[in-house]
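A.B. asks: fold the following and give me the result.
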Amino acid sequence: MKNRINIIHGDITKIAADAIVNAANSSLLGGSGVDGAIHRIGGMEILEDCQKIRAKQGGCKIGNAVITRAGNLPAQYVIHTVGPRWNGDKQNGSELLRNCYLNCFKLAHDNGVSTISFPNISTGVYKFPKKLAAEIALQAINESLSNNHSIKRVNIVCYDIENYNIYCMMIHNS
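C.D. replies: Next up is the predicted model:
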């Protein structure tokens, strides 16, 4: 499995893939961090698609995912998923984070995606512990890859060096 997973230290908006995952907020209208960068660089096409989704279903719930066009990004699609805020795991944050990854893979499969790039969902302003988030992500990614052979490559794109080092250590020790 790990030969299908790449750990990259960089900017997810610059990494080519069929789909880029956005750590979105439930409004789908852009925010800070990776969400703001994806909306800013992707352009109006992403915002227009998000507004259509909002009109139809009222945003995106925590743990769920929706898909849009990718605008100016080096991808066909953006899969927006809403990660949980860390609160000591009192509200099933670990399970909700796991669902983010699983729901992204479901949309990827349904849309013929063979390469997908993930950011470090919920580890920025949502304060999810980075090591725990990485464990959950790698478990969900490995589970999804074992069930989905159409995904050829998963990029885990770490903007900060701390997340990059955590993922490298976990992949190396697996």
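A.B. asks: would you agree Thr115 is in contact with Ile15?
C.D. replies: No - under the criterion of Cβ atoms under 8 Å, Thr115 makes no contact with Ile15, lying 9.5 Å away. Bear in mind the C-beta positions are built from the backbone N, C-alpha and C, glycine included.
A.B. asks: quick check: neighbours shared by the two?
C.D. replies: Asn155 (Cβ atoms under 8 Å, 6 or more residues apart in numbering).
A.B. asks: of those two, who's got more company?
C.D. replies: The residue with more neighbours, out of Thr115 and Ile15, is Thr115; 20 against 17, by other Cβ atoms under 10 Å.
A.B. asks: and the more buried one, how far from Gln51?
C.D. replies: Thr115 sits 27 Å away from Gln51, taking Cβ to Cβ, to the nearest Å as the criterion.
A.B. asks: can you list the low-confidence ranges for the protein?
C.D. replies: 1-2 (pLDDT under 70).
A.B. asks: where exactly do the strands run in it?
C.D. replies: 5-9, 19-24, 65-69, 77-82, 115-118, 153-158 (DSSP state E).
A.B. asks: got the contact list for the shortest one?
C.D. replies: By Cβ under 8 Å, 6+ apart, the surrounding residues in contact with strand 115-118 are 8, 12, 15-21, 75, 79, 101, 104-105, 108, 137, 141, 151-157.
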